[in-house]
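Colleague: coords please:
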Amino acid sequence: MSRAKLVAVACFAAFALSALAAATASAGQWDVGGKALATGSKATLASPAKVLEHGNLEAAGVKIECTSTELGITGGELVGPAEVKAKDLTFKGCKATAPCSLASEVILTLALHGTAELDSTLGAFVKLLPLPSKTFAALHFEGATCALLGIQPVNGTADLLAPSGKDASVLQTVNAFSLTGSLKVGSSEASLTGLNTDLQLESKETWAFL
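Modeller: Next comes the predicted model:
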């Protein structure tokens, strides 16, 4: 399947079939280099990851887009049998729509943790949580009439979908999004849409979730 088709499948699945995914998700296990990743064993994610689609974070009528073609991943790793962790993610070239602006064009998240599940229809899903903190990141908004003026925490959960995650490959295309009501910026409901990246292991081995 072409890269463009993979991205299209990811976006469609995220928004049209998320309820189906919740209903059909089941346990699985990371597979690295053709072998199951044993409990507690780790495989390091390569950094930076290539950004295919920038995506948007939107809250209170304000959109944030980070235009860098690279996503920094510190301490990213798969942990057997079905976990994924990162010490932080770094987004660059970030800007907010008027009348808001960001104090910095770099957004650094806090530590993240997720558990993967296998869906027979859509691929591999990961529910991503900010742990041990409950905050993904703190965004500093500027602009006298900005609805989000000040330092606002990004709280809640996000989801990752690897539509071809069941197929072993060196590169896995991953779509990040949020379900309705799962994410907030400050006290405002927020949505994350359209962020697509190519992830690979530092070892460049094939990997999958089976």
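Colleague: could you point out which element follows the helix or strand encompassing K95?
Modeller: Assessed by DSSP states H and E, K95 sits inside strand 94-96. Counting by DSSP H and E, the next helix or strand C-terminal to strand 94-96 is strand 101-102.
Colleague: Sheet partners, orientation included, of that following strand?
Modeller: strand 135-142 (antiparallel) (DSSP bridges).
Colleague: Dump the C-alpha coordinates for the strand it pairs with into CSV.
Modeller: The C-alpha trace of strand 135-142 is given here as CSV (Å, rounded to 0.1, in the frame of the first residue of the first chain):
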residue,chain,number,x,y,z
THR,A,135,-0.2,16.7,31.8
PHE,A,136,1.2,16.2,28.3
ALA,A,137,2.7,19.7,28.1
ALA,A,138,2.3,23.3,29.3
LEU,A,139,1.7,25.9,26.6
HIS,A,140,2.5,29.6,27.1
PHE,A,141,0.0,31.7,25.1
GLU,A,142,0.5,35.4,24.5
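Colleague: what residues does that strand touch?
Modeller: Strand 135-142 is touched from outside by 62, 64, 96, 100-104, 107-110, 112, 130, 148-156, 158, 185, with contacts defined as C-beta atoms under 8 Å, 6 or more residues apart in numbering. In this view, the C-beta of every residue, glycine as well, is placed from N, C-alpha and C.
Colleague: quick one: the helices in this protein?
Modeller: Applying DSSP state H to the chain gives helices spanning 3-16, 18-24.
Colleague: Find the nearest non-adjacent residue to the residue in the chain sticking out farthest from the centre, please.
Modeller: In the chain, A144 marks the outermost C-alpha relative to the chain mean, sitting 31.1 Å out by C-alpha atoms, centre = their mean. Of all residues not flanking A144 in the chain, P99 sits nearest, at 7.5 Å (C-beta to C-beta, 6 or more residues apart in numbering).
Colleague: can you tell me which residues contact the one you found?
Modeller: G143, A144, T145, C146.
Colleague: Much appreciated, bye for now.
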